[in-house]
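In: below is the structure, and that's it, no one-letter string:
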């Protein structure tokens, strides 16, 4: 029975292949360098406008920036909360419009509350009631804009934590409280050119609406959108990898079917891993340029979730298949791994439910957040904790299995000297390549973790150096994305069955105890790798 | 240039209601090429923003120095006092710079001034109109950066064009202006938001939160309190700090020192001075409120007694608002309390 390509490939060909993979990996990183940073933010100061109370009952009444303004520092007497509306026009510059390449929009409110002597405690929580209305407008082809049209409306509750550090501030009058940010909305698709947000903060003592609110100095809206340049680079990367991964999958499956046996479990795992990667690579983002797809955020979460679930399952089965539990016949069944795989399924399902609760409901109401109500927070937290427990259980399982594989290999190593020299070299090579792939996996995982930390650090530090045009965080994202593509391509290629026959070598020399029987009576005829058979043989003894 | 922009702004503020006078006033006052260009080509929105910023700086300066002998009069910003490079001049320089940047940055994020962070050309050359086509492409590709850099570069253009000379006065003016520019950045607060898969931190975007202007004015006050007198040795191109024998090379000295710099000792501000128009501290009110800030508590000693004046105490009956509760948006619901307070004046 032929082995996999990994075992039969000569050292030179292997190094050429590794070099090609390495350079395409490097290419992914470099292509990220030309992209701007993945997302950008824009701070917009709200224009405080006069509200027409009666007209505001109509949901199609919109206050724009050209309105009767109010200066909150010098208000006329008799002004009430209902007379005020905060107007935010997006994007900030009216000459600019949103591009559909910018993908999605996140809005966060920042309230600057002023400390007034003798009036305020040092530390308090404000329960905000926000009446938020969102409208959109588009550019007309003939020039000009369409009128503002209703998009969404909701009255939402949000909690804001405020405090002031009186120890370091000698004279706090005029200082703002340090208040937490208030996430307001999330739009899954940036389909329209302009958006308009009208925010009202109704006051009602009976219904406890905004009773804790203090003097507002300013209201800022921080908008986060993806950068068009980053999306373009990202989608081109996907467009590049998608046909390649499809091609490799077809080639792999043809090779498997050329053999006169049913595909092994590991081969099934590999092809489905390739499938989930192809699904992830499918450049669906192009469609957002023409259609309004608010479910894109949810969809991309699900796509990534499926891919990572498959990758984790693959690692388990990969380790398991080399672990030498040889109860004949059962070996190739996925059922054997139900205990281990259930951790992945639980983790992923709980994350999916959490995601559906947050982003699913946001499809209907972009202002919705699960984190606002205590019940929602508990629910969200319990799902995340459940996912965390499953993840740690998974890693305990995985580490245990890998430890057992390495233990087995080291036992086999000790019997290697008693083999003939040619055979010994051959198997040392196989063990070396297996280790090599294990190493590749560990490196990939480590690089992912490191680049995650680096991108956090890069974004977290104060960078005022305007001359630094190089944007590292995009390169880290494209680099990691490219890395997993390259990794899975490599897996599919190296673990495809080989056409080459074993070198014609005298198989049986007397006295050799550790031996790979390639006789037709082999009890496990559809193993895919001779390493597995090598290991299983030894475990039987 | 800075010696010119301040009176310019003041003149403008005096004639703020008659905006058509604005250009003629400047033209008659200054024949400088920059001013002419400034006047002709600069967006009127920016000019208004500059003026608002200067006004805000003056108001806040008065607030900060309320209980000091020098109480930051409007005349401190005008032309007459500009020859003396005192501590006070250093403060007014810095706060005007900070005020203009603050106002411009605010107007940028309100969309009053257009295209601030979006167009690098706009930052490099404030006099030119931006090309809309490139702007649109840049915005789609990499978004706009929104921080105070537009205001900073504008102020740098306005204030320091002509200050490339290397005499002591120009050096400390540059330095103090820079303190004013940098203080806003320093006091900005970084805030981040995660927006990756399921809201995880695989993607994170951060932005800077502007401080409030009273905060900046008070921070500058601390720099004023720690201001350093320098003597400038032109021959060596180095400066000496105070009376010490420490010499610092000019370039590095400017970068290192976080304090305001001045060249000449200030007068004690006790007595009136006809030539500068300083009224003296006689007749000023001071305070002995125990719960107030240090400067306020010590104000009677500082303003009156150390100047040789006596403190005159007057008991007054005032009705005050107390037990207040704030009602959003604009009301403060209070009880009325009658209190007897002592009012102190220097006599």
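Out: Yep, it's here. Values in this document were obtained by computation on a predicted structure and should not be read as measured data.
In: ok, and does stretch A:226-243 reach over to chain B?
Out: Yes. Counting by CB under 8 Å from any CB of the partner chain, contacts between stretch A:226-243 and chain B involve A:227, A:228, A:229, A:232. All C-beta spots, glycine's among them, are computed from the backbone N, C-alpha and C.
In: in CSV, list these along with neighbour count and pLDDT.
Out: As requested, the residues of stretch A:226-243 next to chain B are exported to CSV (neighbours: other CB atoms under 10 Å in any protein chain shown; pLDDT from 0 to 100):
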residue, neighbour count, pLDDT
A:227, 26, 91
A:228, 25, 92
A:229, 24, 92
A:232, 17, 95
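In: residue ranges of each domain in chain A, please.
Out: A:5-38+A:229-540, A:39-226 (automatic domain parsing).
In: neighbours around the nearest residue to residue A:25 once chain neighbours are set aside, how many?
Out: Excluding the flanking residues, the one nearest residue A:25 by CB to CB, 6 or more residues apart in numbering or on different chains is residue A:486, at 5.0 Å. Applying other CB atoms under 10 Å in any protein chain shown, we find 23 other residues in the vicinity of residue A:486.
In: where in the chain is pLDDT low?
Out: In the absence of a named chain, chain A is used. A:1-3, A:118-120, A:170-171, A:323-332, A:426, A:429-430, A:433, A:458-470, A:500-541 (pLDDT under 70).
In: should've been chain B
Out: Chain B contains residues with pLDDT under 70 at B:1-42, B:78-83, B:118-133, B:146-147, B:159-167, B:232-256.
In: show me where it has its strands.
Out: Applying DSSP state E to chain B gives strands spanning B:189-194, B:204-209, B:228-233, B:238-241, B:247-249, B:261-262, B:285-286, B:311-327, B:331-346.
In: now do the helix or strand encompassing residue A:486: distance to the chain's middle.
Out: For residue A:486, the element it lies in under DSSP states H and E is helix A:472-494. Remark: helix A:472-494 is offset 14 Å from the chain centroid, using CA atoms, centre = their mean, to the nearest Å.
In: that one packs against which elements?
Out: helix A:5-8, helix A:11-34, helix A:228-258, helix A:265-281, helix A:421-460 (3 or more CB pairs under 8 Å, 6 or more residues apart in numbering or on different chains; DSSP states H and E).
In: gap between the residue nearest in space to the middle of chain B and residue A:432?
Out: Centroid-nearest residue in chain B, with CA atoms, centre = their mean: residue B:95, separated by 1.6 Å. When distance is defined by CB to CB, to the nearest Å, residue B:95 is 70 Å away from residue A:432.
In: same question, residue A:90
Out: 58 Å.
In: tell me the buried residues in stretch A:131-139?
Out: A:131, A:132, A:133, A:134, A:135, A:136, A:137 (16 or more other CB atoms under 10 Å in any protein chain shown).
In: can you check stretch A:72-88 too?
Out: A:72, A:81, A:82, A:83, A:84, A:85, A:86, A:87, A:88.
In: the last one reaches residue A:44, doesn't it?
Out: Just to be clear, that refers to residue A:88. Yes. Residue A:88 lies in contact with residue A:44 (CB atoms under 8 Å); the separation is 5.3 Å.
In: overlap of the contact sets of those two?
Out: Each of residue A:221 lies in contact with both residue A:88 and residue A:44 under the rule CB atoms under 8 Å, 6 or more residues apart in numbering or on different chains.
In: got CSV for the helices and strands packed on helix A:472-494, with distance to residue B:296 too?
Out: What follows is the helices and strands packed on helix A:472-494, written out as CSV (distance: least, CB to CB, whole Å):
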stretch, distance to residue B:296
helix A:5-8, 80
helix A:11-34, 56
helix A:228-258, 53
helix A:265-281, 65
helix A:421-460, 39
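In: max-length helix in chain A?
Out: Using DSSP state H, we find that the single longest helix of chain A is helix A:374-415.
In: tilt between that one and helix A:421-460?
Out: Relative orientation of helix A:374-415 and helix A:421-460, computed by axes from the mean of the first three to the mean of the last three CA atoms, to 10 degrees: 150 degrees.
In: right, is helix A:374-415 up against chain B?
Out: No. Helix A:374-415 stays clear of chain B (CB under 8 Å from any CB), getting no nearer than 8.7 Å.
In: gap between residue B:57 and residue A:173?
Out: When residue B:57 is compared with residue A:173 (using CB to CB), they lie 18 Å apart.
In: mind listing what the residue nearest the centre of chain A touches?
Out: For chain A, the residue nearest the mean C-alpha position is residue A:304 (5.9 Å; CA atoms, centre = their mean). Residues in contact with residue A:304 (CB under 8 Å, 6+ apart) are A:280, B:197.
In: related to what we said a few turns ago, neighbour count for residue A:90 and residue A:432, which is higher?
Out: Comparing residue A:90 with residue A:432 by other CB under 10 Å, the one with more neighbours is residue A:90, at 24 against 10.
In: quick check: phi and psi at the more buried one.
Out: phi -120, psi 140 (degrees, to the nearest 10).
In: which one is it nearest to, not counting chain neighbours?
Out: residue A:195 is the one closest to residue A:90 (CB to CB, 6+ apart), at 4.4 Å.
In: is the one you found bridged to anything, and to what?
Out: Taking DSSP bridges as the rule, residue A:195 bridges to residue A:90, residue A:136.
In: check residue A:221 too.
Out: Applying DSSP bridges, one finds that residue A:221 bridges with residue A:44, residue A:109.
In: my understanding was that it contacts residue A:47; is that so?
Out: No. Counting by CB under 8 Å, residue A:221 does not reach residue A:47; the two are 10.9 Å apart.
In: next, show the common contact partners of the two.
Out: Counting by CB under 8 Å, 6+ apart, the residues touching both residue A:221 and residue A:47 are residue A:88.
In: thinking again about what came up before, the residue nearest to the centre of chain B is in contact with residue B:59, isn't it?
Out: No. Assessed by CB under 8 Å, residue B:95 is found out of contact with residue B:59, at 10.3 Å.
In: which of residue B:57 and residue A:173 has more residues huddled nearby?
Out: Ranked by neighbour count (other CB under 10 Å), residue B:57 and residue A:173 place residue B:57 first, with 29 against 13.
In: who's in contact with the more buried one?
Out: B:95, B:96, B:98, B:99, B:100, B:213, B:217.
In: 6 Å - rerun?
Out: Contacts for residue B:57 (CB atoms under 6 Å, 6 or more residues apart in numbering or on different chains) come out as B:95, B:96, B:99.
In: the residues you listed in helices, which ones?
Out: Short answer: the contacts of residue B:57 in helices (DSSP H) are B:95, B:96, B:99.
In: as CSV, those residues with distance to residue B:302 would be great.
Out: Output for the ones in helices among the contacts of residue B:57, formatted as CSV (distance: CB to CB, whole Å):
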residue, distance to residue B:302
B:95, 21
B:96, 25
B:99, 26
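In: look up how far chain A lies from the nearest residue to residue B:74 once chain neighbours are set aside.
Out: Nearest residue to residue B:74, sequence neighbours excluded (CB to CB, 6+ apart): residue B:58, at 6.4 Å. Counting by CB to the nearest CB, to the nearest Å, the gap from residue B:58 to chain A is 16 Å.
In: measure residue B:58 to residue B:151 for me?
Out: Taking CB to CB, one finds residue B:58 at 18 Å from residue B:151.
In: also residue A:81?
Out: 33 Å.
In: ok, which pair from the buried residues of stretch A:72-88 is furthest apart?
Out: A:82 and A:88 (18.7 Å; CB to CB).
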